[in-house]
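**Q** can't give you the sequence, but here's the structure:
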């Protein structure tokens, strides 16, 4: 009898332990999280970059743009990434932005961000990387026959060891930098500084250009087919061209 009673006590105790949560696999009804709140935070509705998917060619989400399309805000640039293109841009390409204090100040700020590290804040080729001998052979603007057109062209395509800045800067920003580089060049060569355009002259210039001063790189475009190369198709490049 005692043996049966003892077995009963053990069974009852075990049942009580389980019912009180002694089983680590037991789930309390109040803490049950079988329903997710805002599951989109865990499972994206949209496709992730490089995600696999049967509906995509090659089973990869990242696809090339439709042929013939361009990025919003991008316009074709008609001067090729070549010595001939450089020479043409140097001779023909004009800065469509008025030479104002505001544009010059913006150009200086952008130049100090992107260019001064190599070219120096004065344009003398003595930037931080040159002084620390990380790179060599950066020319002074005083030793180069350059124009604002060639400055823009080099920023767009890059040249020699200098890469393109077309993806980091807009059309307007590149022309603002060109204004500042031109001002540095004049100062280094001892030339007179350009006079700023008056407000009235600026308004007249914008009126003549139809308020599209920087929409076309400063020249008339001849269709998207005039420039077949993209920024990523740079050749290793212009060994005979004057560096900026």
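**A** Everything's here; your move. Everything numeric here is computed off the predicted structure, so don't read it as measured data. Numbers count the residues shown, from 1 in each chain.
**Q** C-alpha only now, for contacts and for neighbours.
**A** OK.
**Q** contact partners of stretch 43-51?
**A** The contact list for stretch 43-51 (Cα atoms under 8 Å, 6 or more residues apart in numbering) reads 60-62.
**Q** first vs last residue of it, how far apart are they?
**A** End-to-end span of stretch 43-51 (Cα to Cα, to the nearest Å): 13 Å.
**Q** How about the backbone phi and psi for residue 52?
**A** The phi and psi values for residue 52, taken as degrees, to the nearest 10, are phi -80, psi 150.
**Q** Tell me how many other residues crowd the residue nearest to it when sequence neighbours are not counted.
**A** Spatial nearest neighbour of residue 52, chain neighbours left out: residue 60 (4.7 Å); criterion: Cα to Cα, 6 or more residues apart in numbering. Neighbourhood size, residue 60 [other Cα atoms under 10 Å]: 15.
**Q** Quick check: the residue nearest the centre of the chain vs residue 62, distance?
**A** By Cα atoms, centre = their mean, the mean C-alpha position of the chain lies nearest to residue 168, the distance being 3.5 Å. In this view, residue 168 and residue 62 are 22 Å apart by Cα to Cα.
**Q** Which of the helices and strands in the chain ranks last by mean pLDDT?
**A** Least confident helix or strand, the chain: helix 2-19 with a mean of 66, by mean pLDDT, DSSP states H and E.
**Q** In this protein, where is pLDDT below threshold?
**A** Along the chain, the parts satisfying pLDDT under 70 run over 1-8, 10, 12-30, 32-33, 199-200, 202, 205-206, 208-215, 219-244.
**Q** Residue 122 against residue 184, yeah?
**A** Yes - contact criterion Cα atoms under 8 Å: residue 122 and residue 184 qualify, at 6.3 Å.
**Q** Which one's more surrounded, the two?
**A** Between residue 122 and residue 184, counted using other Cα under 10 Å, residue 184 has the larger neighbour count: 22 against 18.
**Q** so the more buried one sits in a helix?
**A** Yes - with DSSP: H, G, I helix; E, B strand; the rest coil as the criterion, residue 184 is part of a helix.
**Q** Please spell out which residues along the strand or helix carrying residue 152 are buried.
**A** When elements are assigned from DSSP states H and E, residue 152 belongs to helix 148-157. Buried residues in helix 148-157, counting neighbours by 16 or more other Cα atoms under 10 Å, are found at 148-157.
**Q** can I get those in JSON lines with distance to residue 92?
**A** Shown next, in JSON lines, are the buried residues of helix 148-157 (distance: Cα to Cα, whole Å):
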{"residue": "148", "distance to residue 92": "10"}
{"residue": "149", "distance to residue 92": "7"}
{"residue": "150", "distance to residue 92": "9"}
{"residue": "151", "distance to residue 92": "12"}
{"residue": "152", "distance to residue 92": "12"}
{"residue": "153", "distance to residue 92": "11"}
{"residue": "154", "distance to residue 92": "14"}
{"residue": "155", "distance to residue 92": "16"}
{"residue": "156", "distance to residue 92": "15"}
{"residue": "157", "distance to residue 92": "17"}
